[in-house]
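Colleague: I would like to see how this sequence folds:
(chains A and B)
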2 protein chains.
Amino acid sequence: MIQYLTTDPWRIIEEGFKRKHHRSSESIFSIGNGRFGQRANFEEDYSGPTLQGSYVAGVYYPDKTRVGWWKNGYPEYFAKVLNSINWIGIRIKVEGEDVDFAKCITSNFRRELNMKEGVLIRSFDLEMPSGRIIRAEVKRFCSMADDETAAIRYAITPLNFTGTIRFQPYLDGNVRNHDSNYEEMFWEPLDSSASAGKGVVITRTRKTEFDIAAAMSIEVELNGNVIQPTFHHSQDVFFAENNLEKEIHQGDTIALYKYVGLVSSLNYDRDELKISAEKAAERAHRTGFATMLAMQAESWQKIWDLADIVIEGDDEAQQAIRFNIFHMNQTYTGEDARLNIGPKGFTGEKYGGSTYWDTEAYCLPFYMSTKDQKVARQLLVYRFNQLNKAIENAQKLGFTNGAALYPMVTMNGEECHNEWEITFEEIHRNGAIAYAIYNYVRYTGDAHYLSEYGWDVLLGIARFWSQRVHWSEARKQYVMHGVTGPNEYENNVNNNWYTNYFAKWCIACTMEVMEYLRANDPDALASKIKQYAFDEVNETARWKDIVAHIYLGQMEHSEIRIQHDGFLDKELAPASALPEAQRPINQHWSWDRILRSCYIKQADVLQGMYFFDEDFDKEVIRSNFDFYEPMTVHESSLSPCVHSILASQLGLHEKAYEMYMRTSRLDLDDYNHEAHEGLHITSMAGTWMSIVQGFGGMRVKDGKLTFHPILPAQWKAYSFNVLFRGSVVKVSVDQSGYEVTGL
Amino acid sequence: MIQYLTTDPWRIIEEGFKRKHHRSSESIFSIGNGRFGQRANFEEDYSGPTLQGSYVAGVYYPDKTRVGWWKNGYPEYFAKVLNSINWIGIRIKVEGEDVDFAKCITSNFRRELNMKEGVLIRSFDLEMPSGRIIRAEVKRFCSMADDETAAIRYAITPLNFTGTIRFQPYLDGNVRNHDSNYEEMFWEPLDSSASAGKGVVITRTRKTEFDIAAAMSIEVELNGNVIQPTFHHSQDVFFAENNLEKEIHQGDTIALYKYVGLVSSLNYDRDELKISAEKAAERAHRTGFATMLAMQAESWQKIWDLADIVIEGDDEAQQAIRFNIFHMNQTYTGEDARLNIGPKGFTGEKYGGSTYWDTEAYCLPFYMSTKDQKVARQLLVYRFNQLNKAIENAQKLGFTNGAALYPMVTMNGEECHNEWEITFEEIHRNGAIAYAIYNYVRYTGDAHYLSEYGWDVLLGIARFWSQRVHWSEARKQYVMHGVTGPNEYENNVNNNWYTNYFAKWCIACTMEVMEYLRANDPDALASKIKQYAFDEVNETARWKDIVAHIYLGQMEHSEIRIQHDGFLDKELAPASALPEAQRPINQHWSWDRILRSCYIKQADVLQGMYFFDEDFDKEVIRSNFDFYEPMTVHESSLSPCVHSILASQLGLHEKAYEMYMRTSRLDLDDYNHEAHEGLHITSMAGTWMSIVQGFGGMRVKDGKLTFHPILPAQWKAYSFNVLFRGSVVKVSVDQSGYEVTGL
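Modeller: Down below sits the predicted model:
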């Protein structure tokens, strides 16, 4: 754990510049509006370690795959989220002295993420090498109300001198990804222009040909009054700038406003891009900073009205849950069916791609309960739209007859990942995608989705499992070899319980949905059977046989499900016995040692029991929790939330709280020493689940919500809302009991 | 199988230019002298597909590792063999028309590798786009007698015109590797100069700073008489050339001799390189082509006197065994302890590195029996010299107390390979390295090696195994998890029988050698115990326990050893059932499908039974052969020879012959469609073993050679020699029986 941030219910605060943690802060203080996002890089020059990140949703580059040893079936490229035009840049000169934040002496530094209103605020005194000291205050936000705009206010006050302050606001498209397999430039310049107080830069991604246009419009105030300085402007390939300077008296304040418009060819014709960006910047300028800020607060208030979770008596927990909800909303608003939820959102480049099984397994419930149900539906349709690619993907691996294997990582439905043990073997992702359909229909009651899109996806997935298992003559059962389960610290194992269970469930579910359609929408079913050349008799005969005879490992004389063949043959020892200096083990141990150990990266058997808790008695879940939990090192962000939920269910309050804090403060307290690479956005939805499904015990049964709330000992009270079939339900829990009310 | 070469007992012949197979021919017709080697690239320009390859033994570049996802313990670099200065280049102009072989019409093309004398000969008629036809004959060789020199004779006869022939012999250091992880240039230019009839180029590898100097000296003959044309010369960075032209009458022959000197900083001080290369070229020039050629034939005669295997009645088999023996001798002569036997020798870049377990498991017996025993000893000392690196390597993976894990691929003792399933898991290589010590002492009787170097290596290896196994409470036995056996079509398996057996054997052997030393050289032992801080009591206690209680899988009610846990759970089917269009499966199936299948890339259990055939009854070997052989696809070059030897031992003559032909003609008939990447040099030693240990049945028992020869039905007779403890033993087998004689 690395703790350097101040606790506050509505704010993330860094008091004093934590130079060593600056890259982590750049992640943590990121801002975005679902359409684009920005790491908390500084506006002014900073020559210290930094990861520059300005991301536009849906814009990616197919970076040529890098492997040591190519294997048949590997994808040609990895879709990378792109660091795009730097729109925040404002160079500063103080009496002819260039400001490099890294080379100045900083005092009174404060960085604040105001989550209530969606604003990043930074204030500091900066002593230049010459001894001149300026005070600065910088605010910026990506507008939620007008998601093509952003605004920055950069105010400077000379503290111990009178002299010239020069601002040089610019747009710079000559940017690179830190993560580029072959150190390639992903962008080419299309256009750039500048005029007094204005500038535009347009760039295009290579290969994918996404165009991005950024425009700026500048205003300057002296002591709160708009002034009209002389703007010098210039442009270059990839680049547009203005610069202006003004003699400022000691104690006076000059403030520069940079209004930004940012649009892409996802939403505009190419020939409209320039004007659209300019219009957006002008629109923002016209609206003005104060009004935009008020609208920003209002937009966020609407989000918080529904999605906020209030925790009393535990500011750390309160801060953390809001931090998670805040970032989820910054990342994905559900307004564009082509987008999805990248594992790092707009906070870093790592993992590229936008869509993992995280979306279905973790994010869907959050969006189902805090947004209109069309948002969740949209996430499902995203996969339906990629069904053909999933079938192609399975064909590449030798499967036939319409079997579909969804990719591990994707932007457009094509597989991006290229480690054989994951790409080809971590096939449980198919299960989560099927489960999401079930989960969505269960929650929303929108059974029509099944005949419209749902069964198509289920059929492809059932066909996949049916081919992926094989009959073992030795066991006289169906087995599944060569898989990687959710616990990626085991590779290429046989009979991963979670995966086998999911295979069985998917096949059974597909048949059940088929029966439902036969009863309720026979025409739709008939047409699909034809469309997919479904050989009902023979295919379902095998399906039934698999459901009846698939091997699911269980310890003798015990309720323990065996994670995979051979697990019990390991040296079993609790993770608590590991020396602290060797944690996280993935940063200290060689891969083979990790694989041989019993340590579990993330919930695996327990993940299955979380999904299918109705199928297992509490005692069974308890036995498995007691067996697996001590060996789980939670080096995946997706792990603690599942443990927290199960612990709540089992009445293990302390464990539930510990795991809640771990999931909710994963990045704030940087448990896994990787916040500098970006935040764990998708697991943030798991944090929300830890409260709502965990402490709150929310479940859906027979079309109704049920709750079994518990109150962690550390809390006085908590409350949350969920949107369920058009109604908002409020759950309030305190020491006296709990209350569920319709709003 | 791809068959386009003419069968001949002493020659490899390509009649008519097989354009499509040119890159394969470039591999097959490669020449070398142990110090350097050269693919059969054309001297003149050739704009068609080609893999240029000029290799100098021991010179490598540490190419930055390329992986998709870095894992702790991966090496920083992969040592690549380098395509170095092009010393064969001779550009040709015919009446002002540049010769590009690919753009001319070729007739009467013949390429011949004369294995008896070690010469590459190429003759052809070439019709230029203008219609002018030249006849050419080109001979070249890398001198075995003076291994710093090579010579080329390039003769041209105008067939249908009289006109100017221009030769432009050059040296070109501006060359690249086809296999470069980041498309880097591996070389930098140091010096180049040219004068009339002479030229020198010196280049240096980046990072490793190996310097290579090539010099040339030119002579020209007209109709057999030396002439003195005007040499124009020029030089450039990386480049030196001469050019000369002469009006040639139709039917006359002009011949250019290019004498080359090639030296490196492995053998000379840097400031001596230039003069040494020049001297070598001049020495060759002075000696003259005819004399050099005679010396070349004489050198090869000496090799053949001992190493030749004569097969009567089967020219394909005869050609093949000589091809294998020829390339082994071109690759490694045993004169330099720093060198080893690269898997592709001097015939391609693939696999980089120079040293794999191939050396100990396959090559050692060949060199033991056909060279002075100091050569084999040198191969062992190579590993002893790298013991500290092997200990460091094991430390990186978390092992302690002097445990040694030799690298999978290496140049200097450091690991180069970077696939976790091989780098970290294919640890059986340690077994072969220990076995080589045992094998060497058994064959040569040089037990002194044990106290000098052998026990040190055995100790490090025994310590490794002792830490690598763990006690399974579930089985009450020692088990070994997470390994890849010789059969690389299974990854990360538990209890690979071969590896477990080897672990047990290594530990037992180490203890046995310790007892031998205690009895015969107690001082040496005492000093080593101290040197390696060997805790005899505790370490051997665990060793003994492991030897007594290690798990070795065996099928119930059967003698079948189980390749690894779970193997019997697979769908077992013979490889003969696979459609031909899907072979080799590694070029047609995705990796996960290969892993899930029962198909065996190369002998695994059977490899163990080959090494330890004294430990198993013939019936046991037979059961395992019958079980595993049908599932073996032999997609490793190292596989058929082992099957051939076992088949001979089991009296399965047809199978032994089939496997012999497959191993011996693997590249000539390109079974695995990969000859274009280079030849399978190390498996060529396995071909030799197939005859000597297979058909000949040679074994060593109690310090004596024994033979149990069989005669394949396809052969009239065969004979071979082996050098054993200073004596040459000749074995002759024909239909009437066999004879073993001392020569």
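
Colleague: how about the helices in the stretch 401-550 of chain A?
Modeller: Using DSSP state H, counting those that start in this stretch, the helices of the stretch 401-550 of chain A run over residues A:420-423, A:429-444, A:448-449, A:455-468, A:497-520, A:522-531, A:536-549.

Colleague: For the third one, name the packing helices and strands.
Modeller: Under the contact definition 3 or more C-beta pairs under 8 Å, 6 or more residues apart in numbering or on different chains; DSSP states H and E, helix A:448-449 sits against helix A:429-444. Bear in mind the C-beta positions are built from the backbone N, C-alpha and C, glycine included.

Colleague: Give me the packing partners of the helix it packs on, helices and strands only.
Modeller: Under the contact criterion of 3+ C-beta pairs under 8 Å, 6+ apart, helix A:429-444 touches helix A:364-370, helix A:373-385, helix A:448-449, helix A:455-468, helix A:497-520.

Colleague: okay, the angle between that helix and helix A:455-468?
Modeller: For helix A:429-444 against helix A:455-468, the angle by axes from the mean of the first three to the mean of the last three C-alpha atoms, to 10 degrees is 150 degrees.

Colleague: what about A:Arg377, neighbour count?
Modeller: Burial of A:Arg377 is recorded as 20 neighbouring residues (other C-beta atoms under 10 Å in any protein chain shown).

Colleague: Equivalent analysis for A:Phe78, please.
Modeller: As a burial measure, A:Phe78 scores 24 neighbours (other C-beta under 10 Å).

Colleague: repeat for A:Lys730
Modeller: A:Lys730 has 13 nearby residues by other C-beta under 10 Å.

Colleague: same question, A:Leu306
Modeller: 16.

Colleague: and A:Gly678, what does it touch?
Modeller: For A:Gly678, the contact set (C-beta atoms under 8 Å, 6 or more residues apart in numbering or on different chains) comprises A:Ser27, A:Gly53, A:Lys344, A:Gly345, A:Thr347, A:Gly348, A:Glu349, A:Lys350.

Colleague: how about the fourth one, what does it touch?
Modeller: The one in question is A:Gly345. Going by C-beta under 8 Å, 6+ apart, A:Gly345 touches A:Ser30, A:Gly32, A:Gly37, A:His327, A:Gln330, A:Thr331, A:Tyr332, A:Gly678, A:Leu679, A:Ile681.

Colleague: and if you look at A:Met661?
Modeller: Taking C-beta under 8 Å, 6+ apart, we find A:Met661 in contact with A:Glu316, A:Ala317, A:Ala320.

Colleague: Return the residues in contact with the second one.
Modeller: It stands for A:Ala317. A:Ile311, A:Tyr660, A:Met661, A:Ser664, A:Pro712, A:Gln714, A:Trp715.

Colleague: From these, list just the buried residues.
Modeller: Applying 16 or more other C-beta atoms under 10 Å in any protein chain shown to the contacts of A:Ala317, the neighbour count classes A:Ile311, A:Tyr660, A:Met661, A:Ser664, A:Pro712, A:Trp715 as buried.

Colleague: Now name the helix or strand holding the third one.
Modeller: Here A:Met661, judged by DSSP states H and E, is contained in helix A:653-664.

Colleague: Same question for the first one.
Modeller: Here A:Ile311 sits within strand A:309-312, counting by DSSP H and E.

Colleague: helices or strands up against that strand?
Modeller: helix A:315-331, strand A:717-724.

Colleague: can you give me how far the first one is from the chain middle?
Modeller: This means helix A:315-331. Mean C-alpha position of helix A:315-331 versus that of the full chain (C-alpha atoms, centre = their mean, to the nearest Å) differs by 13 Å.

Colleague: same deal with stretch A:32-40?
Modeller: For stretch A:32-40, the distance to the chain centre is 12 Å (C-alpha atoms, centre = their mean).

Colleague: could you dump the strand holding A:Ile311 to CSV, C-alpha only?
Modeller: In CSV, the C-alpha atoms belonging to strand A:309-312 read as follows (Å, rounded to 0.1, in the frame of the first residue of the first chain):
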residue,chain,number,x,y,z
ILE,A,309,-23.6,5.8,-2.2
VAL,A,310,-23.5,7.5,1.2
ILE,A,311,-21.4,6.0,3.9
GLU,A,312,-21.5,7.5,7.3
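
Colleague: quick one: contacts of that strand?
Modeller: Contact with strand A:309-312 is made by A:317-318, A:321-322, A:325, A:688, A:691-692, A:715-720, A:734, as judged by C-beta under 8 Å, 6+ apart.

Colleague: repeat that for 7 Å
Modeller: A:Ala317, A:Gln318, A:Ile321, A:Ile325, A:Ile691, A:Trp715, A:Lys716, A:Ala717, A:Tyr718, A:Ser719, A:Phe720 (C-beta atoms under 7 Å, 6 or more residues apart in numbering or on different chains).

Colleague: What about the second one, how many residues nearby?
Modeller: Just to be clear, that refers to A:Gln318. The number of residues packed near A:Gln318 is 21, by other C-beta under 10 Å.

Colleague: touching chain B at all, the helix or strand of chain A with the lowest mean pLDDT?
Modeller: Taking mean pLDDT, DSSP states H and E as the measure, chain A has strand A:77-81 as its least confident helix or strand, at a mean of 90. No - figure legend: strand A:77-81 not in contact with chain B (C-beta under 7 Å from any C-beta of the partner chain); closest approach 7.6 Å.

Colleague: That strand - contacts with which helices or strands?
Modeller: strand A:60-64 (3 or more C-beta pairs under 7 Å, 6 or more residues apart in numbering or on different chains; DSSP states H and E).

Colleague: Strand partners (parallel or antiparallel) of the strand it packs on?
Modeller: As defined by DSSP bridges, the strand partners of strand A:60-64 come to strand A:77-81 (antiparallel).

Colleague: After the strand it pairs with, which helix or strand is next?
Modeller: Downstream of strand A:77-81 (by DSSP H and E), the next one is strand A:90-94.

Colleague: Packing partners of that following strand?
Modeller: Going by 3+ C-beta pairs under 7 Å, 6+ apart, strand A:90-94 lies up against strand A:163-172.

Colleague: Skip the chain neighbours and tell me the closest residue to the closest residue to chain B within the stretch 151-300 of chain A.
Modeller: Residue of the stretch 151-300 of chain A nearest chain B, by C-beta to the nearest C-beta: A:Tyr182 (6.8 Å). Spatial nearest neighbour of A:Tyr182, excluding adjacent residues (C-beta to C-beta, 6 or more residues apart in numbering or on different chains): A:Lys64 at 6.1 Å.

Colleague: quick one: pLDDT of that neighbour?
Modeller: We note a pLDDT of 90 for A:Lys64 in this prediction.

Colleague: That one against A:Tyr77, yeah?
Modeller: Yes - the pair A:Lys64 / A:Tyr77 is scored as a contact, 5.8 Å apart, by C-beta atoms under 7 Å.

Colleague: the more surrounded of the two?
Modeller: More neighbours surround A:Tyr77 than the other of A:Lys64 and A:Tyr77, with 21 against 13 (other C-beta under 10 Å).

Colleague: list the contacts for the more buried one?
Modeller: Counting by C-beta under 7 Å, 6+ apart, A:Tyr77 makes contact with A:Pro62, A:Asp63, A:Lys64, A:Thr65, A:Cys416.

Colleague: surely the fourth one meets A:Lys71?
Modeller: No - taking contact to mean C-beta under 7 Å, the distance of 10.7 Å between A:Thr65 and A:Lys71 leaves them out of contact.

Colleague: so which of the contacts of A:Gly678 comes closest to A:Ser369?
Modeller: Comparing the contacts of A:Gly678 against A:Ser369 with C-beta to C-beta places A:Gly345 closest, at 19.2 Å.

Colleague: returning to that earlier point: name the SS class of the residue of the stretch 151-300 of chain A closest to chain B, please.
Modeller: For A:Tyr182, the assignment made with DSSP: H, G, I helix; E, B strand; the rest coil gives coil.
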